[in-house]
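Visitor: my questions are about this predicted structure, shown below with the sequence.
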Amino acid sequence: MKAALIFAGGIGSRMRSKGRPKQFLELSGKPIIIHTIENFERHPEINYIVVVCVADWIPYLEEQLYNFRITKVKKIVPGGNSGQESIWNGLNALKNVSENESDIVLIHDGVRPLITQDDITANIRCVEKYGSCITSSSARETVFISDECNAIKSITERNQTKIAKAPQSFYLADIVKAHLWAKEVKQAAYIDSCSLMYAYGNQLYWYEGSSDNIKVTTPEDFYMLRSIFESRENAQIYGIEGE
């Protein structure tokens, strides 16, 4: 079976949205998190979904899931004190829902609502073939490594540089083992599952995803996302979708 773990446990301080967390900002009549979940809800190979959510907003999310007829979400759990802890909470919930640790889990940001059906399918196929899949995009500018004094220490060849995005997908048993190892060695600051699995020693494989698969982190990201939605809606209105 295949599952989606949607991470929406942060408060989004860089968005400066005082009224609500960024994942609940509305876009085209529904919260961003609902747009994201719907992409996995529609995919025929996704069997169930677990969402990690800001604790105080769980009742609101439950209401929205009902309003938009989302049926694959089997459990909502509160986030932790860090992204790593929040994903661990979600994985524990997945273990309770799943009957088999050989299930494939796609770990995705709640504020990446432009993930495509093709990207989801590609992640599943890649895990089946290689055991992992990190959705990526090519670096469009030069990437360098700096020290604490702002001196450039090394420059990476751009044609060899990729940007890790989401979903980041694995067999459930493998990502659980990596989290247990991190707890054992008391490492709690891995920025994402890709970094954790790499530190654990797993061989990782990547897939070049859609260029529109942006993450809403800043107000500028939200305005870009809104522009993409508006352009798609206009294309439908004027009958030029797909041209």
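Guide: Cool, got the structure.

Visitor: what's the average pLDDT for the longest helix seen in the chain?
Guide: Secondary structure of the chain per DSSP state H: the longest helix is helix 219-237. Averaged across helix 219-237, pLDDT comes to 85.

Visitor: what of stretch 64-78?
Guide: Mean predicted confidence for stretch 64-78 is 97.

Visitor: which outside residues touch it?
Guide: Residues from elsewhere that reach stretch 64-78 (C-beta atoms under 8 Å, 6 or more residues apart in numbering): 4, 9, 30-31, 33-34, 37-38, 40-41, 46-55, 58, 61-62, 89-90, 92-93, 96-97. Bear in mind the C-beta positions are built from the backbone N, C-alpha and C, glycine included.

Visitor: the same query, at a cut-off of 6 Å, please.
Guide: Stretch 64-78 is contacted from outside by 31, 34, 37, 41, 48-53, 55, 58, 89, 93, 97, using C-beta atoms under 6 Å, 6 or more residues apart in numbering.

Visitor: same check, this time on stretch 181-196
Guide: Gln84, Ile107, Ile134, Ala164, Gln168, Ala178, Tyr200.

Visitor: can you pick out the most distant pair from these?
Guide: Gln84 and Ile134 (16.4 Å; C-beta to C-beta).

Visitor: any idea how many residues pack against the closest residue to Val73 other than its chain neighbours?
Guide: Once flanking residues are discounted, Val73 sits nearest to Ile49: 4.6 Å by C-beta to C-beta, 6 or more residues apart in numbering. Other residues lying near Ile49 total 24 when counted by other C-beta atoms under 10 Å.

Visitor: element containing Ile49, please.
Guide: Assigned by DSSP states H and E, Ile49 belongs to strand 48-53.

Visitor: so what does that strand touch, helix or strand wise?
Guide: Other elements packing on strand 48-53 under the criterion 3 or more C-beta pairs under 6 Å, 6 or more residues apart in numbering; DSSP states H and E are strand 2-8, strand 73-78, helix 83-97.

Visitor: rewinding a little: Gln84 and Ile134: which has the busier surroundings?
Guide: The residue with more neighbours, out of Gln84 and Ile134, is Ile134; 25 against 21, by other C-beta under 10 Å.

Visitor: could you dump the one helix or strand that one maps to to CSV, C-alpha only?
Guide: Assigned by DSSP H and E, Ile134 falls within strand 132-138. Provided in CSV are the C-alpha atoms of strand 132-138 (Å, rounded to 0.1, in the frame of the first residue of the first chain):
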residue,chain,number,x,y,z
SER,A,132,14.0,6.0,-2.2
CYS,A,133,13.0,9.0,-4.1
ILE,A,134,13.9,12.7,-3.5
THR,A,135,11.9,15.0,-5.7
SER,A,136,14.3,17.6,-7.0
SER,A,137,14.9,20.4,-9.4
SER,A,138,18.0,21.6,-11.1
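
Visitor: strand partners of that strand, parallel vs antiparallel please.
Guide: Paired strands of strand 132-138, with direction, are strand 162-171 (antiparallel), strand 206-208 (parallel) (DSSP bridges).

Visitor: just to revisit the earlier point, orientation of the strand holding Ile49 relative to helix 83-97 in degrees?
Guide: Our comparison of strand 48-53 with helix 83-97, counting by axes from the mean of the first three to the mean of the last three C-alpha atoms, to 10 degrees, yields an angle of 150 degrees.

Visitor: can you give the strand pairings for strand 48-53, parallel or anti for each?
Guide: Note on strand 48-53: by DSSP bridges, its sheet partners are strand 2-8 (parallel), strand 73-78 (parallel).
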